[in-house]
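Undergrad: Quick check, what structure comes out for this input:
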Amino acid sequence: MNAKARTYIDKHKYKRMRKMNMWLLLTAVLFVLPAAAYSAGKSKKAPVSDREYWVSEAYKMARPVLENMARGELQKNMQTEFSPSFDNRNRKVVYMETFGRLMAGIAPWLALPDDDSAEGVKRRQLREWALASYRNAVDPASPDYLLWSGAGQALVDAAYVAESFLRAYDALWVPLDEVTKQRYIKEFTGLRRVDPPYTNWFLFSSVIESFMAKAGAGYDEFRVNTACRKVEEWYVGDGWYADGPVFAFDYYSSYVFHAMYLETLQAMVDAKANTRIDYKKYYDRALRRAQKFAVVLERFISPEGTFPVIGRSTPYRLAAMQPLALMAWYQTLPEELSNGQVRAALTKVMHRMYDVMDNYNSGGYLTIGFCGSQPATADWYTNNGSLYITSVAFAPLGLPADHPFWTAEPEPWTQVKAWNGQPFPKDHRWADGAKTPDKW
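TA: Numbering: from 1, shown residues only. Sure, this is the predicted structure:
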């Protein structure tokens, strides 16, 4: 190739390279720089604290339910979902499931005193909506009067309503007008028609009856004491309860047993009920079991914020962590667990579940699934009202913002330590030797 030809080629190569460089520069101006500016803008935002994140998630979950129900429009506006294999029960059960389970979850938070913080404004608004919703739930003239009659499912979710009163007695039960209170007593009493299955359902009866004992209404001692005796029979060790005579590896120890057993016993202590059972001794033993189970649950949380998906009712999501959350709220975490590590672990799980996948339908209500929309995870009794039991993981919001649970530095939880070469505590079989003979 002669020199003239090489010069011609080099000139054209230079022109092509110059055009390419101009294009790359233009691309940077159009795309890279705005993205960098956007990132810089985001980084300037004040970091959200763990508590602020929990509050935002709790409010997001609760607002569509309570704002509508306070106006008597939940049954009109809720975007409902039902299991593909849903049985032939009245589908209006979805509304009681939604309301009862949500209130059981956020009651501890709503019980905090008012303040003028951003959180306090949200909390006060939710409480006002909740009190109006409680009235509508038992007012036969309200479009949002709940399904207290019919199938046995009413017993289940009436128990969650009663549980919410036990968790925030002064904030949610005491302020109700006398007519509304008497309507609740009437509806709760009417549920004695339901013969509960030989399972965790015994505790639904006992929570309702023990609440009525605390409220000074007539209660069925046999339903309370039978539940206590059966739960003792079904305890299998290391914090686990069998859901009836046969053990199943699922989260019903979390969903129902630990919380409702403790609450039944505490309500009977508060009521100063004098029966054959020594409720305080039973409570102390049940609390130690719950503490052991909290240790188990904390160890289930992976460094990535996931936990094993086992058993039935998996769309109940974070309700699997209820005993761990309860021990934090009760301020009775076992010595193996610090406030900082429990908060860090639960927050990591929430971020993994709520940030990565969309757990709400287009109407703003929880959608059937474990992490995201997964309709096939539903059991034959599942509707999207059932899923509001996930709110029970918010129980530590019932601790004030200046409590060590919220102010302690985040610490690595057990699996983080174990998978990163750090020392971590051993875990051995635990048993208690407490004896609780009948008083007479």
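Undergrad: drop to CA atoms for contacts and neighbour counts, all remaining ones
TA: Noted.
Undergrad: isn't Val392 right next to Ala104, touching?
TA: Yes: under the criterion of C-alpha atoms under 8 Å, Val392 makes contact with Ala104 at 6.5 Å.
Undergrad: Burial check on the nearest residue to Ala328 once chain neighbours are set aside, number of neighbours?
TA: Excluding the flanking residues, the one nearest Ala328 by C-alpha to C-alpha, 6 or more residues apart in numbering is Pro396, at 6.0 Å. Neighbourhood size, Pro396 [other C-alpha atoms under 10 Å]: 27.
Undergrad: for Pro396, what are its contacts?
TA: Counting by C-alpha atoms under 8 Å, 6 or more residues apart in numbering, Pro396 touches 108-109, 325-326, 328-329, 405.
Undergrad: Looking at those, which are in helices?
TA: Counting by DSSP state H, the contacts of Pro396 place 108-109, 325-326, 328-329, 405 in helices.
Undergrad: Of these, which is the nearest to Arg192?
TA: Taking C-alpha to C-alpha as the measure, Arg192 lies nearest Pro108 of these, at 27.4 Å.
Undergrad: Return the distance of the closest one relative to Tyr160.
TA: Using C-alpha to C-alpha, to the nearest Å, Pro108 is found at 13 Å from Tyr160.
Undergrad: Please, where are all the strands along the stretch 251-400 of the chain?
TA: Under the criterion DSSP state E, counting those that start in this stretch, strands are not mapped anywhere in the stretch 251-400 of the chain.
Undergrad: Have a look at this structure and report the helix or strand with the lowest mean pLDDT.
TA: The weakest-scoring helix or strand in the chain, judged by mean pLDDT, DSSP states H and E, is helix 33-44 (a mean of 40).
Undergrad: pLDDT below threshold where in this structure?
TA: Along the chain, segments meeting pLDDT under 70 span 1-46.
Undergrad: Sort out which one of the contacts of Pro396 lies nearest Arg317 for me.
TA: Nearest to Arg317 among these: Ala325, at 13.6 Å, using C-alpha to C-alpha.
Undergrad: need the contact list for Ala328.
TA: Counting by C-alpha under 8 Å, 6+ apart, Ala328 has contacts 339, 342, 395-396, 405.
Undergrad: which two from these end up farthest apart in space?
TA: Asn339 and Ala395 (13.7 Å).
Undergrad: Look at these two and report which has more neighbours.
TA: The neighbour comparison of Asn339 against Ala395 (other C-alpha under 10 Å) goes to Ala395, with 24 against 20.
Undergrad: I'd like the distance between the more buried one and Ala325.
TA: Distance, Ala395 to Ala325, by C-alpha to C-alpha: 6 Å.
Undergrad: Same question for Val296.
TA: Distance of Val296 to Ala325, computed by C-alpha to C-alpha: 13 Å.
Undergrad: Compare neighbour counts for those two and give me the winner.
TA: Legend: neighbour count by other C-alpha under 10 Å for Val296 and Ala325, higher for Ala325 (25 against 16).
Undergrad: is it true that that one touches Ala393?
TA: Yes: Ala325 lies in contact with Ala393 (C-alpha under 8 Å); the separation is 5.6 Å.
Undergrad: Let me see the ranges of the helices in the stretch 101-250 of the chain.
TA: Taking DSSP state H, counting those that start in this stretch to define them, one finds helices in the stretch 101-250 of the chain at 118-137, 153-167, 178-190, 201-214, 221-234.
Undergrad: Could you say which of the ones you listed is packed most deeply?
TA: Comparing the helices of the stretch 101-250 of the chain by mean neighbour count (mean count of other C-alpha atoms under 10 Å), helix 201-214 ranks first with a mean of 27.
Undergrad: List just the nearest of the ones in helices among the contacts of Pro396 to Asn200.
TA: Asn200 lies nearest to Leu326 out of the ones in helices among the contacts of Pro396, by C-alpha to C-alpha, at 18.5 Å.
Undergrad: Contact partners for the closest residue to that closest one other than its chain neighbours?
TA: Once flanking residues are discounted, Leu326 sits nearest to Ala395: 6.1 Å by C-alpha to C-alpha, 6+ apart. By C-alpha under 8 Å, 6+ apart, the contact set of Ala395 is 105-109, 325-326, 328-329.
Undergrad: could you redo the last one with a cut-off of 10 Å?
TA: By C-alpha atoms under 10 Å, 6 or more residues apart in numbering, the contact list for Ala395 reads 104-109, 167, 322-330.
Undergrad: same check, this time on Gln125
TA: Gln125 sits next to 63, 66-67, 110, 119 when contact means C-alpha under 10 Å, 6+ apart.
Undergrad: Could you rerun that using 8 Å?
TA: So Gln125 contacts nothing (C-alpha under 8 Å, 6+ apart).
Undergrad: Which residue is the nearest non-sequential neighbour of Thr332?
TA: Gln291 (7.5 Å).
Undergrad: Tell me, how many residues neighbour the one you found?
TA: Here the number of neighbours of Gln291 (other C-alpha under 10 Å) works out to 25.
Undergrad: separation between the residue lying closest to Trp329 once chain neighbours are set aside and Arg51?
TA: Spatially, and ignoring its direct neighbours in sequence, Trp329 is nearest to Pro396 (4.5 Å; C-alpha to C-alpha, 6+ apart). Distance of Pro396 to Arg51, computed by C-alpha to C-alpha: 9 Å.
Undergrad: Could you tell me which residues touch both of these two?
TA: Counting by C-alpha under 8 Å, 6+ apart, nothing touches both Pro396 and Arg51.
Undergrad: related to what we said a few turns ago, which one of the contacts of Ala395 is nearest Asp139?
TA: Using C-alpha to C-alpha, the contacts of Ala395 come closest to Asp139 at Ala104, 20.2 Å.
Undergrad: wait, isn't that closest one in contact with Thr390?
TA: No: Ala104 is not in contact with Thr390 according to C-alpha under 8 Å; the separation is 9.9 Å.
Undergrad: Would you mind telling me which of these two has the busier surroundings?
TA: Using other C-alpha under 10 Å, the more surrounded residue of Ala104 and Thr390 is Ala104, with 27 against 23.
Undergrad: wait, what's in contact with that one?
TA: 160-161, 163-165, 167, 389, 391-392 are the contacts of Ala104 under C-alpha under 8 Å, 6+ apart.
Undergrad: List the backbone torsions phi and psi for the spatially closest residue to Arg124 that is not a sequence neighbour.
TA: Sequence neighbours aside, Asp114 is the residue nearest to Arg124 in space, at 6.5 Å (criterion: C-alpha to C-alpha, 6+ apart). When read as degrees, to the nearest 10, the backbone of Asp114 gives phi -70, psi 150.
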